[in-house]
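K.L.:
From the sequence below, what's the structure:
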Amino acid sequence: MTSVTNRLDDLDLSKSLTHDESEKRILMAQRRLTQLRLFCGGLLGSTTKGPGLIVLFEGFDAAGKGGAIRRLTSGLDPRHVRVVPVGPPNEEDLRHHFLWRFQESLPGRGDMTIYDRSWYGRLLVERVDELIDKHTARQSAKEIVDFEDMLVFDGVTIVKFWLHISDGEQLKRFNDRATNPLKQWKLTPEDWRNREKRPAYLKALNDVLDWTDHAHAHWDLIAAEDKHFARVAVLETLVDRWVKDLERRGLVVPATREDDYLR
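P.N.:
All right, here's what the predicted structure looks like:
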């Protein structure tokens, strides 16, 4: 088994695509995702609803999570997908187990939920900010693994993405946001503080991948230095993992219709 450190170190951040090639492949993937979404929603070929789907995004600030989510959802009917932005737990959340606040947004049969950040904030933000110690983080990781295993067993497909960028690229994007009036709202003092903690985040991330990367809920590391490449990688990886999980469950997945891609 490849070590987590090697997985991060071996990620080729130089991968890139031209704008035209990226848009072409994004369109193809979007059409396939629409087909799969309708199929699992019982609206294509059968009225039986398929497994629910969770798509989970984590990554450094400015890694491109929002852009990837926009490309993912733009081809879907808004009634067929739910996007959940996850921030710090509020006072009510802190009165319960850390997974409690996610219960209401979990997808049922035929549903789809996208998490823009997730329950992994417990192992990343809370640990880096020293709100919990390593022992508590390790115990929480076990609970997350059991939680995800329970969801998968109950009929949910889970696809987890970490969008990875270099320290230099993050600084470049931060500065771009700081000087662009239409992007300044994306940049906060907290973002700058978090950036200073990058080494601690990398250490926590290594543990997250080591502790929670399992066959039933695998982590896909996406080289996100080039946004054109990253968006394609996210969509095409999602299609591949979704189809494989549906087939694993014995479902006959509709074949790709090449003529749809030419319209």
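
K.L.:
Would you map the helices across the stretch 151-263 of the chain?
P.N.:
167-179, 189-196, 198-212, 227-248 (DSSP state H, counting those that start in this stretch).

K.L.:
ok, and which of these has the densest surroundings?
P.N.:
helix 227-248 (a mean of 19; mean count of other Cβ atoms under 10 Å). Using the backbone N, CA and C atoms, a C-beta is placed for each residue, glycine as well.

K.L.:
relative to helix 167-179, how tilted is that helix?
P.N.:
110 degrees (axes from the mean of the first three to the mean of the last three Cα atoms, to 10 degrees).

K.L.:
Average pLDDT for helix 227-248, rounded please.
P.N.:
Taken as a whole, helix 227-248 carries a mean pLDDT of 98.

K.L.:
chain center to that helix, what's the gap?
P.N.:
Centroid separation for helix 227-248 versus its chain: 11 Å, with Cα atoms, centre = their mean, to the nearest Å.

K.L.:
residues in contact with it?
P.N.:
15-19, 21-22, 25-26, 29-30, 32-33, 36, 40, 50-51, 53, 55, 64, 67-68, 71-72, 157, 159, 161, 163, 218, 220, 222-224, 253 (Cβ atoms under 8 Å, 6 or more residues apart in numbering).

K.L.:
Could I have the CA atoms of that helix written out in CSV?
P.N.:
C-alpha atoms of helix 227-248 as CSV (Å, rounded to 0.1, in the frame of the first residue of the first chain):
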residue,chain,number,x,y,z
LYS,A,227,-8.4,24.8,-12.8
HIS,A,228,-9.1,23.5,-16.3
PHE,A,229,-7.5,20.2,-15.4
ALA,A,230,-9.0,19.9,-11.9
ARG,A,231,-12.6,20.5,-13.0
VAL,A,232,-12.3,17.7,-15.6
ALA,A,233,-10.6,15.4,-13.2
VAL,A,234,-13.4,15.9,-10.6
LEU,A,235,-16.2,15.2,-13.0
GLU,A,236,-14.7,12.3,-14.8
THR,A,237,-13.6,10.7,-11.5
LEU,A,238,-17.1,11.1,-10.1
VAL,A,239,-18.6,9.4,-13.2
ASP,A,240,-16.2,6.5,-12.9
ARG,A,241,-16.7,6.0,-9.2
TRP,A,242,-20.5,6.4,-9.4
VAL,A,243,-20.8,3.9,-12.2
LYS,A,244,-18.6,1.3,-10.5
ASP,A,245,-20.5,1.5,-7.3
LEU,A,246,-23.8,1.2,-9.1
GLU,A,247,-22.5,-1.9,-10.9
ARG,A,248,-21.1,-3.3,-7.6
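
K.L.:
Now the helix or strand where Arg31 lies: buried residues?
P.N.:
Assigned by DSSP states H and E, Arg31 belongs to helix 19-40. Buried residues in helix 19-40, counted by 16 or more other Cβ atoms under 10 Å: 22, 25-26, 28-40.

K.L.:
Can you give me the distance of Asp240 to Leu151?
P.N.:
20 Å (Cβ to Cβ, to the nearest Å).

K.L.:
quick one on the thing from earlier: which one of the helices of the stretch 151-263 of the chain lies closest to Gly87?
P.N.:
helix 189-196 (10.5 Å; Cβ to Cβ).

K.L.:
tilt between that closest one and helix 167-179?
P.N.:
Using the same axes, to 10 degrees: helix 189-196 against helix 167-179 is 160 degrees.

K.L.:
now for helix 189-196, which elements pack on it?
P.N.:
Under the contact criterion of 3 or more Cβ pairs under 8 Å, 6 or more residues apart in numbering; DSSP states H and E, helix 189-196 touches helix 167-179.

K.L.:
avg pLDDT for the helix it packs on?
P.N.:
96.

K.L.:
what's that helix in contact with?
P.N.:
With Cβ under 8 Å, 6+ apart, helix 167-179 has contacts from 13, 60-63, 165, 183-184, 186-187, 191-192, 195, 198, 225.
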